[in-house]
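A.B. asks: One predicted model, sequence on top.
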Amino acid sequence: METVRLNHLRAALLAAAAAGLLAAVGLAVVLYAQPAEANFPGKPGKIAFSETDGTDLEIYTINPNGGGKKQLTNNSTNDIEPAYSPNGKKIAYSGREAPAGDYEIYTINAGGGGKKQLTDNSTGDYEPSYSPSGKKIAFQGDDGQDTEIYTINAGGGGKQPVTDNSSDDYFPDYAPNGKRIAYTNNAETGTDEEIYTIKPDGGGKKQLTDNTANDYYPSYSPSGKKIAYVYEAAGTDAEIYTITPGGGGRTPVTDNSTNDDDPYWGTQ
């Protein structure tokens, strides 16, 4: 499963800084680039991202104007996919235990220090996403056969499966009210990726997209009334679309000859 998720790890800080074409609707698009992730907490929060320190990827924060860059992690393995807690005091991320080991979910203080390992198993855990209350973290975890969505207490413990099927589920994103989680499923109904939502307890699964293209990277709007995602048909480039949480109102946002990826809704 690491190959699948690394195929989607294409966001970078430089691309994030350049992405402003959708400011009118409060949506930032992070374009294809080197492996790194950026996350923007509420105004005027720092940007958390992963960047190479010359040997591996580490977690950093930086001011929106480019100043005050601070390295939070410092080890000999990759740390990726940072996500701020709702109060901005913690950052969850996926970190590799050892050069030949698997990825686990960690948290660290937004100012550095207080590193805590939340998951500990022999398979990879990725893409942490805080619940709006900050009490839970959703993530994608490999159960040894495929990747499923799980939740865990933000302080550790209480790991619970959300999805359970024979295909890969990944890229979880909590709804602003915390009542549902949007995610991508790979090939449950065919050979492509589709967008679903589900209750955190695993009930009420709903399929939002249904086509022959790949639909992935769902991101709820702050109001919870829209979900942005990537639409990538075979032989074409990736574009950004939005859809309602009920599955209607599918609308293209970008339309060009280059790849648009990793949509994140802003709070301004």
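C.D. replies: Noted; the coordinates are in hand. Numbering: from 1, shown residues only.

A.B. asks: C-alpha from now on. contacts and neighbour counts both.
C.D. replies: Noted.

A.B. asks: From residue 88, how far out is residue 48?
C.D. replies: Applying Cα to Cα, to the nearest Å, the value for residue 48 to residue 88 is 11 Å.

A.B. asks: Looking at the two, which is more packed in?
C.D. replies: Ranked by neighbour count (other Cα atoms under 10 Å), residue 48 and residue 88 place residue 48 first, with 27 against 17.

A.B. asks: Which helix or strand in this protein has the lowest average pLDDT?
C.D. replies: Least confident element among the helices and strands of the chain, by mean pLDDT, DSSP states H and E: helix 13-18 (a mean of 30).

A.B. asks: Residue 214 and residue 195 touch, don't they?
C.D. replies: No: taking Cα atoms under 8 Å as the definition, residue 214 is not a contact partner of residue 195, at 9.0 Å.

A.B. asks: which of those two has more neighbours?
C.D. replies: Using other Cα under 10 Å, the more surrounded residue of residue 214 and residue 195 is residue 195, with 27 against 22.

A.B. asks: In contact with that one: list those residues for me.
C.D. replies: With contact set as Cα atoms under 8 Å, 6 or more residues apart in numbering, residue 195 has these partners: 182, 183, 184, 185, 207, 208, 209, 215, 216, 218.

A.B. asks: Now list the buried members of those.
C.D. replies: Buried members of these, counted by 16 or more other Cα atoms under 10 Å: 182, 183, 184, 185, 207, 208, 209, 215, 216, 218.

A.B. asks: how much space between the closest residue to the fourth one other than its chain neighbours and residue 76?
C.D. replies: Looking back up the chat, that one is residue 185. Distances taken as Cα to Cα, 6 or more residues apart in numbering place residue 169 nearest to residue 185, at 4.4 Å, with adjacent residues excluded. Applying Cα to Cα, the value for residue 169 to residue 76 is 29 Å.
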